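Peer 1: Fold the following and give me the result.
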Amino acid sequence: MTTNILSSKNQENDQKIHDTALKQLELQEKEFSVNQKLIKEEAREDDKMLIEKIKTIASLLTDSQVDEEKSVFGGETQYRPIFNEQQQEELRALALQLANQLVKASSK
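Peer 2: Okay, here's the model as predicted:
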């Protein structure tokens, strides 16, 4: 009889240990899932930031200003790019660098 009682208590203890371990695993799984979601969200935000930077650079490359040297009062207004050719090349290189970062980030 005492053997049955001890055996029953051992089974109960084993079950409690098993339940506790299972709960810990479930919590770790949830924590991992939340961390994965945060990582993906951060990656999306980084991608959005890179895209915004590329758009801004593209906008800067296409913007122009009035060329006062070529514009005559009463005549047709002449425009020139905001940046000189060297600056434009640097902006293009930066845009390509950002695009490469975006491609690398999306391939992960």
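
Peer 1: on contacts alone, who are the packing partners of the one helix or strand Glu52 maps to?
Peer 2: With elements taken from DSSP states H and E, the one containing Glu52 is helix 2-62. When contacts are defined as 3 or more C-beta pairs under 8 Å, 6 or more residues apart in numbering; DSSP states H and E, helix 2-62 sits against helix 85-106. In short, each C-beta sits where N, CA and C put it, glycine included.

Peer 1: try it again with 10 Å
Peer 2: The contact analysis (3 or more C-beta pairs under 10 Å, 6 or more residues apart in numbering; DSSP states H and E) places helix 2-62 against strand 79-81, helix 85-106.

Peer 1: Is it possible to get TSV of these that adds mean neighbour count, distance to Lys40 and mean pLDDT?
Peer 2: Converted to TSV, the helices and strands packed on helix 2-62 look like this (neighbours: other C-beta atoms under 10 Å; distance: least, C-beta to C-beta, whole Å; pLDDT from 0 to 100):
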stretch	mean neighbour count	distance to Lys40	mean pLDDT
strand 79-81	14	39	85
helix 85-106	13	11	91
